[in-house]
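Student: need a 3D model of the sequence below.
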Amino acid sequence: MISVHVQQLSCMLRPRRILEIGTFTGFSALCLAEGLPEDGRLYTLELRPDDAATAAGYFARSPLGSQITLLTGDARTIVPTLPESWDLVFIDADKTGYVDYYEMVLPQLRSGGFILADNVLFHGEVLADEVKGKNAKAIAAFNAHVMQDERTEKVLLTVRDGLLLIRKR
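Tutor: Sure, this is the predicted structure:
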C-alpha cells in the first residue's frame, strides 16, 4: 500500500502542518499523522460526505484523531480559507484536479516543504504512446506541468502506481 510509504516519509520529515487532499476512508491521513509532533496538525479534505463520515469514524477511534481536522467539500474552495503554511501536502483526489491543487497549495507550501502526488503512473497508462481516457490524460498533463516547474525539485518513486515527491525550492 502507498500509505505505508507516505507514513515513512512523514515520519522522516516530521512535518508540523500537513494537508491531505482526498481523504477517502482516512487510512492515508492516519498514516501521515504518524509523523506529526505533539503540536502538529493534519487537515484532510474530502468531497464526498459518505466517505468523510467513514473516515471520521476511524479518526474518532484513533489516538491520532485529535490531531486531524476533517473538512468536507470541494478542496478548491476550502484550501484558500485555511490560514496555514504547509510542511507536507498529499494529493490523492480527483485526477483532473491535480494541476489546480498543485498550483493552489504551492504558494502556501513553506520553502523546503514537500508535495506528494499519488497515482502519477496511472496504471501505466501515462506511458502509452497515445494516452487515452480523461484521468490518464489529466495525470499526464499534471506530470508534464510539474516537470517543467522550476520552483520545485522532483523525484518519481516507482512504488505501486507512482508517487511523485516534489520539494519546493
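
Student: residues in contact with stretch 12-21?
Tutor: 10, 28-29, 32-33, 35-37, 39-45, 75, 79, 82, 84-93, 101, 105, 108, 113-114 (Cβ atoms under 8 Å, 6 or more residues apart in numbering). (Each C-beta comes from the backbone N, C-alpha and C, glycine too.)

Student: buried residues in it?
Tutor: 13, 15, 16, 17, 18, 19, 20, 21 (16 or more other Cβ atoms under 10 Å).

Student: elements contacting the lengthiest helix in the chain?
Tutor: Of all segments of type helix in the chain, defined using DSSP state H, the longest is helix 134-147. For helix 134-147, the elements it packs on are helix 98-105, strand 152-157, strand 163-168, judged by 3 or more Cβ pairs under 8 Å, 6 or more residues apart in numbering; DSSP states H and E.

Student: would you mark the buried spots in it?
Tutor: 135, 136, 137, 138, 139, 140, 141, 142, 143, 146.

Student: where does the fourth one land on pLDDT?
Tutor: If you check residue 138, the pLDDT there is 97.

Student: likewise for the last one?
Tutor: You'll see residue 146 listed with a pLDDT of 98.

Student: ok, now which ones touch it?
Tutor: 102, 117, 152, 154, 164, 166 are the contacts of residue 146 under Cβ under 8 Å, 6+ apart.

Student: quick one, phi psi at the second one?
Tutor: By that I understand residue 117. phi -110, psi 120 (degrees, to the nearest 10).

Student: mind listing the residues bridging to it?
Tutor: residue 91, residue 164 (DSSP bridges).

Student: and residue 129, helix, strand or coil?
Tutor: Of the three states, residue 129 takes coil under DSSP: H, G, I helix; E, B strand; the rest coil.

Student: chain center to the helix or strand of the chain at the bottom of the mean pLDDT ranking, what's the gap?
Tutor: Across the helices and strands of the chain, mean confidence by mean pLDDT, DSSP states H and E is lowest for helix 2-13: a mean of 89. On the basis of Cα atoms, centre = their mean, to the nearest Å, helix 2-13 sits 12 Å off its chain's mean C-alpha point.

Student: just to revisit the earlier point, now do the longest helix of the chain and strand 163-168, the angle between them.
Tutor: Put simply, helix 134-147 runs at 30 degrees to strand 163-168, going by axes from the mean of the first three to the mean of the last three Cα atoms, to 10 degrees.

Student: nearest to residue 130, of the helices and strands packed on helix 134-147?
Tutor: Shortest distance between residue 130 and the helices and strands packed on helix 134-147, using Cβ to Cβ, is found for helix 98-105: 20.3 Å.
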